[in-house]
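Q: structural data only, the sequence is not supplied:
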Ligand code: SF4
C-alpha cells in the first residue's frame, strides 16, 4: 500500500493523467470532488459522473462534497467582473483547497494536493502559494511530465466529456 493522499479533483479529464502519475509515484490517491464553483448544478454532476468513470477504471474511491454554490458566490462577491486568471480565480482556488485541507484533516490523511495544476491555463505557482497556507499540501505540478497533453489523450481514449469553460457562471458568460 502506498501513502494515502487526498486529491482535490476538478474534473474527470484532469484526473486521468494526475492519477496515473500519483500511482506511478507510489501514492494511494483518495479523490475528493469539491467544486462548488461549477455552475449550473447539472454541470457539476456531469463533471462528477465523468470523474467516476476514471475512478472506477483505477479502482479508486471518490468522495463527493456538497454543491455549496451560494457560499462560493459569497466568497467571490465583488469579483464578478474580474477577468479569468484574476483575483476571483485565486479566491476560487483557495475556496476549494481550504475545503480539501479540512477534509484531509477529518479523514486523518496527512497529505493533499489538487489536479488544478494540470491545466495550461492555471498557474501552478499561484496554486502552490495558496496550498502552502494549509498543512499537508503537496506541491505537485501535474502539467509537468507532459501531464496536460496526456490528459487530453487519455480523455479522448475514454470518451470523457471535456467542458469548454472553466466552471463558474462568469467563465460561462465570458466564453459566450
Ligand atoms: S473562472 Fe474558473 S478558476 Fe476562475 S473563478 Fe471561475 S471557476 Fe474559479
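A: Structure's in. What do you need? Because the structure is predicted, anything quoted here is derived from the model rather than measured.
Q: and the closest residue to residue 51 other than its chain neighbours, what is it in contact with?
A: Nearest non-adjacent residue to residue 51, counting by CB to CB, 6 or more residues apart in numbering: residue 12, 4.4 Å away. Backbone N, C-alpha and C define where each C-beta goes, glycine included. Applying CB atoms under 8 Å, 6 or more residues apart in numbering to residue 12 gives the contacts 47, 50, 51, 52, 53, 54, 155, 158, 160, 161.
Q: determine the longest helix present in the protein.
A: Counting by DSSP state H, the longest helix found in the chain is helix 87-107.
Q: is the ligand within reach of that helix?
A: Yes - legend: contact between helix 87-107 and the ligand by CB under 6 Å from any ligand atom is shown at 88, 89, 92.
Q: redo the residues you listed as CSV? Include pLDDT, neighbour count and distance to residue 150.
A: Putting the residues of helix 87-107 next to the ligand into CSV (pLDDT from 0 to 100; neighbours: other CB atoms under 10 Å; distance: CB to CB, whole Å) gives the following:
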residue, pLDDT, neighbour count, distance to residue 150
88, 98, 22, 29
89, 97, 26, 24
92, 98, 24, 25
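Q: for the longest helix of the chain, packing partners?
A: Applying 3 or more CB pairs under 8 Å, 6 or more residues apart in numbering; DSSP states H and E, one finds that helix 87-107 contacts strand 3-8, strand 27-33, helix 69-75, strand 111-114, helix 124-131.
Q: what about the chain, any weak spots by pLDDT?
A: Low-confidence segments of the chain (pLDDT under 70): 1.
Q: how about the residues of it by the ligand?
A: Within the chain, the positions adjacent to the ligand are 37, 84, 88, 89, 92, 166, 167, 168, 170, 171 by CB under 6 Å from any ligand atom.
Q: tally of neighbours for the second one?
A: Pointing back at residue 84 there. Using other CB atoms under 10 Å, residue 84 has 15 other residues around it.
Q: same question, the last one
A: As a burial measure, the neighbour count of residue 171 was computed by other CB under 10 Å and equals 21.
Q: my read: it touches residue 122, true?
A: No - judged on CB atoms under 8 Å, residue 171 makes no contact with residue 122 at a distance of 11.9 Å.
Q: residues in contact with the closest residue to residue 94 other than its chain neighbours?
A: Using CB to CB, 6+ apart and skipping the chain neighbours, the partner closest in space to residue 94 is residue 130 (5.0 Å). Contacts for residue 130 (CB under 8 Å, 6+ apart) come out as 90, 93, 94, 97.
Q: wait, which of these is closest to residue 4?
A: Lowest distance from residue 4 to those (CB to CB) belongs to residue 97, with 17.8 Å.
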